[in-house]
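J.: how does the following fold in three dimensions:
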Amino acid sequence: MKKILSLILCGVFLIGLFGCAGFSIKPTNEVISVLQASAISTVGYLISKNNPRYTDSILNWYSFFKSENGLVEIQAAFQDGMNKLSELISDDPYLQLQVRNAMNLLEIRYDGPQIDLEIGKYQAIVDSFMSGILAGKLATT
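T.: Numbering: from 1, shown residues only. I've put the predicted structure just below:
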């Protein structure tokens, strides 16, 4: 657990360092950086590891999210997922903090993509989150 937290803190430090040096490692409209993917998959892992009984419902939601194609449908699916996630972590201040940190790091909004160009970014974020969920599921079985 300490290694995971250290990785996240190191990542935030490096983002700040490169940002101050004039380098931009913010996500493009369709791609998120390796560091950002690592941060969001770590959040998914922590949620899955701490709440294994919800992993199957999260996987079902992911199937639904991946089947949507248009902006309105993806936005609605993302909002549904965020609502479910909020309920899941409502009693865990640490996970709430990690979700907020990851959302800030990735510059994502609770209400999902606002334009078609953001869809790829949100899909990459959800994919990274789900890789953490799956890793957490494997760790608890």
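J.: tell me what the helix or strand containing residue 47 is packed against?
T.: Element membership for residue 47 (DSSP states H and E) is helix 34-50. With contacts taken as 3 or more C-beta pairs under 8 Å, 6 or more residues apart in numbering; DSSP states H and E, helix 34-50 sits against helix 2-20, helix 55-67, helix 93-106, helix 119-140. (Each C-beta comes from the backbone N, C-alpha and C, glycine too.)
J.: which one of these lies closest to residue 78?
T.: Within these, the stretch nearest residue 78 is helix 119-140; the backing value is 6.0 Å (C-beta to C-beta).
J.: give me the residues contacting that closest one.
T.: For helix 119-140, the external contacting residues (C-beta atoms under 8 Å, 6 or more residues apart in numbering) are 27-32, 36-38, 40-49, 52, 55, 58-59, 62, 65, 71, 74, 78, 81, 106, 108, 112-113.
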